[in-house]
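J.: okay, here's the prediction I keep looking at, along with the sequence it came from:
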Amino acid sequence: MRLLTRISDVQRALDKEREAGRRVGFVPTMGFLHEGHASLMRRARAENDVVFVSIFVNPLQFGANEDLAAYPRDLDSDLSLCETERVDVIFHPNVDEMYPDPNPFRVTVGEIGSKLCGRARPGHFDGVATVVAKLFNIAGPCRAYFGRKDAQQLVIIERLARALNFPVTVVGCDIVREPDGLAMSSRNIYLNGEERRAAVVLKRALDEAAAAIGSRERDARRIGNLMGSRISSEPLAKLDYAAVVDAETLEDLDRLDRPALLAVAAWVGKARLIDNTTVTPEGASSEGSS
């Protein structure tokens, strides 16, 4: 396992692997790794010859009042997990290596970045797209693995790869959950015991909505209200949004006549948590769904 901190060293190492005929699987992370990240690494290992992991807390995707300084970091633990998962190359740059210009160029994702999480976090997805574009250029031809928990992010990155013609295949991977259903997240560490128990309400809201759809409810507003009411019934949770959108475009739906993303976000204590599930109502066409 090689730990590299310079872009040129990473590019040289990965180019050498490809010249030898080996395929590269890439897992971009912000560190503080958990089982969700490990599952991405295992998938990359199963489908490729070389596993490449980046660990970089990207300042461009944090707003002025967000938790950049407090974002959890534990490089020793991260390296231990990577070693367990047989990662070959780790890229851990500092901010100056990634952004030598104090006013870096940014990728602008447009309207899709202002929906869902983008409403509460203006500019966030521009920051995500900028760092991912840089990482794709650094990694070169590869398969890149992202979890579906950040569903909006995944849709944007898939579009980014297509629009800018990166030689990268974006692979979406299933959400990894705790035994009680809470989606794994580095920010779960912010939750105290009572908040941790309350946080499961996001998954319960999704499950109740999916059950209603299974009982042939097709009115998107009612489904969204059902999820929002369920989350709001938890005293420790403050609802951000409960949305029912097209699984591909993220446009709001009136009726469920196509694959839909049910997406929720809420504050529990000082942690902003997100979760989602994708549903294809009976009789709807799944052609072209992500």
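T.: Nice, thanks for sending it over. Everything quoted here is computed from the prediction, not taken from an experiment. Numbering: from 1, shown residues only.
J.: C-alpha from now on. contacts and neighbour counts both.
T.: Noted.
J.: can you give me the distance of Arg272 to Cys117?
T.: Note on Arg272: its distance to Cys117, by Cα to Cα, to the nearest Å, is 10 Å.
J.: which one's more surrounded, these two?
T.: Using other Cα atoms under 10 Å as the criterion, Arg272 and Cys117 rank with Cys117 on top: 20 against 16.
J.: now do the same for that one: its pLDDT.
T.: In this model, Cys117 is scored at 97, pLDDT.
J.: what do you get for Asn65?
T.: Looking at Asn65, the pLDDT reads 81.
J.: give me the neighbour count for it.
T.: Residues contacting Asn65 under the criterion other Cα under 10 Å number 7.
J.: joint contacts of Arg272 and Cys117?
T.: Listed as contacting both Arg272 and Cys117 by Cα atoms under 8 Å, 6 or more residues apart in numbering are Ala265.
J.: could you chop this structure up by domain?
T.: Segmentation of the chain into domains, based on automatic domain parsing, reads 2-173, 186-277.
J.: tell me the most buried of the ones you listed?
T.: Neighbour counts (mean count of other Cα atoms under 10 Å) averaged over each of the domains of the chain peak at domain 186-277, with a mean of 19.
J.: what would the domains of the chain look like in CSV with distance to Pro179?
T.: Putting the domains of the chain into CSV (distance: least, Cα to Cα, whole Å) gives the following:
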stretch, distance to Pro179
domain 2-173, 12
domain 186-277, 10
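J.: which one, of those, ends up nearest to Asp180?
T.: Nearest to Asp180, of all the domains of the chain, is domain 186-277, at 7.1 Å by Cα to Cα.
J.: show the end-to-end separation of the closest one, please.
T.: 19 Å.
J.: distance from the chain centre to that domain, please.
T.: 16 Å (Cα atoms, centre = their mean, to the nearest Å).
J.: also stretch 165-173?
T.: 14 Å.
J.: what is the mean pLDDT for it?
T.: In this model, stretch 165-173 has an average pLDDT of 98.
J.: pull the CA atoms of that stretch into CSV?
T.: This file holds the C-alpha atoms of stretch 165-173, laid out as CSV (Å, rounded to 0.1, in the frame of the first residue of the first chain):
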residue,chain,number,x,y,z
ASN,A,165,-16.0,13.3,-21.4
PHE,A,166,-14.0,11.9,-18.6
PRO,A,167,-12.7,8.4,-19.3
VAL,A,168,-14.4,7.2,-16.1
THR,A,169,-17.2,4.8,-15.5
VAL,A,170,-19.2,6.0,-12.5
VAL,A,171,-20.5,3.1,-10.5
GLY,A,172,-23.3,3.7,-7.9
CYS,A,173,-23.3,1.3,-4.9
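J.: contacts for it?
T.: The contact list for stretch 165-173, computed with Cα under 8 Å, 6+ apart, reads 40, 136-137, 140-148, 154, 157-158, 161.
J.: mind checking which of the residues you listed are in strands?
T.: Using DSSP state E, the members of the contacts of stretch 165-173 that fall in strands are 142-147.
J.: can I get those in a markdown table with distance to Leu262?
T.: A markdown table is the format used below for the ones in strands among the contacts of stretch 165-173 (distance: Cα to Cα, whole Å):
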| residue | distance to Leu262 |
| --- | --- |
| Cys142 | 30 |
| Arg143 | 27 |
| Ala144 | 24 |
| Tyr145 | 22 |
| Phe146 | 18 |
| Gly147 | 16 |
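J.: could the residues you listed be laid out in CSV, adding pLDDT?
T.: Shown next, in CSV, are these (pLDDT from 0 to 100):
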residue, pLDDT
Cys142, 98
Arg143, 98
Ala144, 98
Tyr145, 98
Phe146, 98
Gly147, 97
